[in-house]
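Engineer: model this:
(chains A, B, C and D)
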Protein chains: 2
Amino acid sequence: MSEPVPLSGRRRVTPEQIVDAAAALFAREGYHAVGTRDIADELGIRGASLYHHYRSKEEILAAICRRVTAEPVEETLPLLDDAGTPGSRLAALVRAHLHHLVRRRVEFLVGLQELAALSPEHRAEVEEHRRHYQRRVRDTVAAGVRSGEFAVDDPGLAALALLDAVNGTARWLRPEGPRSPDAVADVYVRLLVDGLLGRDVPDGG
Amino acid sequence: MSEPVPLSGRRRVTPEQIVDAAAALFAREGYHAVGTRDIADELGIRGASLYHHYRSKEEILAAICRRVTAEPVEETLPLLDDAGTPGSRLAALVRAHLHHLVRRRVEFLVGLQELAALSPEHRAEVEEHRRHYQRRVRDTVAAGVRSGEFAVDDPGLAALALLDAVNGTARWLRPEGPRSPDAVADVYVRLLVDGLLGRDVPDGG
DNA sequence: GTCTATATGTCGATAGAC
DNA sequence: GTCTATCGACATATAGAC
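Structural biologist: Predicted coordinates:
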């Protein structure tokens, strides 16, 4: 993701390069289908050299997942505390979430699909971040219901619909593709955030 | 899924039982994390006996995927040809899709997550069905735009949002859970189908 | 910090008896 | 149609030289 991945030859690698290379492979082939030798090959080193930087293959996976659990909670979630209505704050979250998702696309795919491969400790950590994120979205929807901006019966279900749709973009949204993250965000906000609005409330849709 | 899975002792198994057992294991642990011996253990037979019914582990995976690619195309998609507006037909599709998804929940998860583990031939088959399904949904949205029922700029993107949200339910929607498939369908139709409506059109929302 | 060499285990799949 | 026995390949991880 960050630097051009080395193709061959003996090199000196950083932990970040290992995570970059492993994430791309795990996303494409699946964690268990990728061997430590595959990761090393991608970096132009021997398999044994990986163990100077990480104690196990699973630790590499955990490092990948951390990029898409800790980061969004720390960087994106604060947008829900900004000024504005619940609707405008959710719109800002969707936009930022999609930008982060595109930047960390392969890590996002790995984080969504390889939960089962994590150790119980690492899995618990990831799930805790995920639950936290989802709870904050749900609470923002609920706040909009209390203020009269939204009209929904089940804020938790609305949050699930929003997050599943947004996270689903990881499988097809690419920076070089025909749709920009902002264009996708506009449509998704209209459908999944504006769709929560009480229909009798003044609305520019 | 169908019969109570045998727990131990030597038994005689059917191909369907193998697919049921394998799907549950693949969904929980991932295809490559599950050995043929694990599947056999679950059925109370020896690993070698599986090869009387399937030529390889990958053939079992392909049989799982067939349940969630061929079946929806043949059973759910015809609802888009019924009478009614594009909106009412999409609503019927969402409802039927969610019922099928709950019935084949573990197979659905496997089909979504283990595409990369399929042989090129089997993967092409699955992707063809998937593209077909998505194209039909997109075309129905486009038909609603032409008739004036819907107001969206990018029917393909609307179809992606709808399908990603609906398919995302496979990760948390369970028959014994607090939310029924119909209850979820109602909310998702309101958000993702009614949300496509031109806001000036007479509408009971 | 990367290397060679290897320990140790498990994998998918097959052969052939019953 | 399931069994026992086993093959050859490959997995993660370690030891110790450089």
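Engineer: Wondering if stretch A:133-152 reaches chain B at all.
Structural biologist: Yes: contact of stretch A:133-152 with chain B (CB under 8 Å from any CB of the partner chain) involves A:V152. Glycine gets a C-beta too; all of them are placed from N, C-alpha and C.
Engineer: Residues contacting that stretch, please?
Structural biologist: Under the criterion CB atoms under 8 Å, 6 or more residues apart in numbering or on different chains, residues A:72-73, A:77, A:80, A:85-87, A:89-90, A:93, A:155-156, A:158-160, A:162-163, A:196-199, A:201, B:187 lie in contact with stretch A:133-152.
Engineer: Export only the CA atoms of that stretch, formatted as CSV.
Structural biologist: The C-alpha coordinates for stretch A:133-152 follow below in CSV (Å, rounded to 0.1, in the frame of the first residue of the first chain):
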residue,chain,number,x,y,z
TYR,A,133,-18.3,1.5,16.4
GLN,A,134,-21.7,0.0,15.7
ARG,A,135,-23.1,1.1,19.1
ARG,A,136,-22.1,4.7,18.4
VAL,A,137,-23.8,4.7,15.0
ARG,A,138,-26.9,3.1,16.5
ASP,A,139,-26.9,5.7,19.4
THR,A,140,-26.7,8.5,16.8
VAL,A,141,-29.7,7.1,15.0
ALA,A,142,-31.5,6.9,18.3
ALA,A,143,-30.6,10.5,19.1
GLY,A,144,-32.2,11.5,15.8
VAL,A,145,-35.3,9.6,16.7
ARG,A,146,-35.5,11.4,20.0
SER,A,147,-35.0,14.8,18.4
GLY,A,148,-37.7,14.0,15.8
GLU,A,149,-35.3,14.2,12.9
PHE,A,150,-35.6,10.4,12.2
ALA,A,151,-38.5,8.1,12.2
VAL,A,152,-37.5,4.5,12.6
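Engineer: What are the buried residues along that stretch?
Structural biologist: Neighbour-count burial for stretch A:133-152 flags A:133, A:136-138, A:140-145, A:149-150, A:152 (criterion: 16 or more other CB atoms under 10 Å in any protein chain shown).
Engineer: Out of those residues, which sit inside helices?
Structural biologist: A:133, A:136-138, A:140-145 (DSSP state H).
Engineer: Whichever of the contacts of stretch A:133-152 end up buried, select them in ChimeraX.
Structural biologist: Only the buried entries of those go into this ChimeraX selection, using 16+ other CB under 10 Å:
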select /A:72,73,77,80,86,87,89,90,93,155,156,158,159,160,162,163,196,197 /B:187
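Engineer: before we move on, back to that, a markdown table for the buried residues of stretch A:133-152, including pLDDT and distance to DNA strand D?
Structural biologist: Below are these laid out as a markdown table (pLDDT from 0 to 100; distance: CB to the nearest atom of the strand, whole Å):
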| residue | pLDDT | distance to DNA strand D |
| --- | --- | --- |
| A:Y133 | 98 | 29 |
| A:R136 | 98 | 34 |
| A:V137 | 98 | 35 |
| A:R138 | 98 | 37 |
| A:T140 | 98 | 40 |
| A:V141 | 98 | 41 |
| A:A142 | 98 | 43 |
| A:A143 | 98 | 45 |
| A:G144 | 98 | 46 |
| A:V145 | 98 | 47 |
| A:E149 | 97 | 50 |
| A:F150 | 97 | 47 |
| A:V152 | 95 | 45 |
